[in-house]
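Colleague: coords please:
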Amino acid sequence: MTRLPGFHFQQLVKPVTLDVAILPPPPAPPPKPESLPEPEPVKPQPVIKPQPAPKPRPMEFPKERSEPQPVASKPEPSPEPSPPTVISVAPKAEGPPPTLTAPAPEPVKPVAPTPQAIDNDRDLYGSLLTREIAKHKQYPKIAQMRGWQGTVKVELQIDNNGNLVASSINKSSGFEALDKQALEMVKKASPLPLPPEFLRNRQFNILVPVTFRLE
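Modeller: Numbers count the residues shown, from 1 in each chain. Predicted coordinates:
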């Protein structure tokens with residue numbers, strides 16, 4: 001121990017013992033309630049007034065252009081509007097319901113005749129012409145006086161419509177008077193009868209016998 005100058009220690013100081021007791025910590029104070037934020041003041045909403053629905057605009061019709069009227073000294077009373085004209089429509093007559101017509105059948109195409117069919121019709125027509133021409137027979141007087149007899153074959157030319165075009169002597173009877181009389185009989189028999197079906201609408205020639213015989 002260092003000694004300080006001028007100080008004298010007679011005795012040593014006794015140490016003092018301290019009894020220290022460790023006490024438990026005091027209880028923690030209860031937590032303070034957290035302060036809630038103050039609500040913001042509600043601002044008043046502006047009142048929206050409902051707007052009235054737009055009124056329908058009346059339809060505007062084009063105004064008729066009126067002729068300029070002379071200016072009158074006194075105002076004339078406006079004429080009353082004329083009543084609208086009423087057009088009466090006659091009621092439609094109710095008729096029977098329309099009938100549905102079936103489509104017309106297609107025309108049957110004609111079948112081309114065979115040569116044999118044409119020859120058969122030619123023979124039938126030749127017999128018909130022979131009887132028709134015989135109705136106009138007149139025996140020449142000179143042939144009666146001299147006793148001339150015979151058969152004249154007359155060739156007839158027929159057009160598409162069945163009309164006689166020309167006639168000529170195809171085979172003579174041997175007597176000129178009889179030949180001339182045969183041609184005269186053909187002229188008197190015109191117009192000739194209608195040809196058969198297979199000879200129509202075509203031009204053809206046909207031989208017709210004219211017989212002169214004394215009884």
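Colleague: contacts and neighbour counts: CA atoms only from here.
Modeller: Fine.
Colleague: distance of Ser168 from Leu156?
Modeller: 7 Å (C-alpha to C-alpha, to the nearest Å).
Colleague: neighbour count for those two, which is higher?
Modeller: Leu156 (20 against 16; other C-alpha atoms under 10 Å).
Colleague: so what's the more buried one bridging to?
Modeller: Judged by DSSP bridges, the bridge partners of Leu156 are Ser167, Ile206.
Colleague: quick one: contacts for it?
Modeller: Leu164, Val165, Ala166, Ser167, Ser168, Asn205, Ile206, Leu207, Val208 (C-alpha atoms under 8 Å, 6 or more residues apart in numbering).
Colleague: what pLDDT does it get?
Modeller: At Leu156, the predicted lDDT confidence score is 95.
Colleague: equivalent analysis for Gly162, please.
Modeller: Reading off the model, Gly162 has pLDDT 82.
Colleague: and for stretch 183-201, what's in contact with it?
Modeller: Contacts of stretch 183-201 (C-alpha under 8 Å, 6+ apart): 113, 117-118, 121-122, 125, 128-129, 132-134, 136-138, 154, 159-164, 167-169.
Colleague: start to end distance for it?
Modeller: OK, stretch 183-201 end separation, C-alpha to C-alpha: 25 Å.
Colleague: that one: which residues count as buried?
Modeller: Residues Leu183, Met185, Val186, Ala189, Leu192, Pro195, Phe198, Leu199 are the ones in stretch 183-201 that count as buried (16 or more other C-alpha atoms under 10 Å).
Colleague: closest one to Glu215 out of the residues you listed, please.
Modeller: Using C-alpha to C-alpha, Met185 is the member of these that sits closest to Glu215, with 19.6 Å.
Colleague: what helix or strand is that closest one located in?
Modeller: helix 176-189 (DSSP states H and E).
Colleague: just the mean pLDDT for that helix, thanks.
Modeller: In the prediction, helix 176-189 has an average pLDDT of 95.
Colleague: name the residues of the longest helix along the chain that are buried.
Modeller: The helix that spans the most residues within the chain, counting by DSSP state H, is helix 115-134. Residues of helix 115-134 classed as buried: Asp121, Arg122, Tyr125, Gly126, Leu128, Leu129, Thr130, Glu132, Ile133, Ala134 (neighbour count, 16+ other C-alpha under 10 Å).
Colleague: residues contacting it, please?
Modeller: So helix 115-134 is in contact with 185-186, 188-189, 192-193, 195-199, 206-210, going by C-alpha under 8 Å, 6+ apart.
Colleague: if you set the cut-off to 7 Å instead, what comes out?
Modeller: Identification of contacts with helix 115-134 by C-alpha atoms under 7 Å, 6 or more residues apart in numbering yields Met185, Val186, Ala189, Pro195, Pro196, Phe198, Leu199, Ile206, Leu207, Val208, Pro209, Val210.
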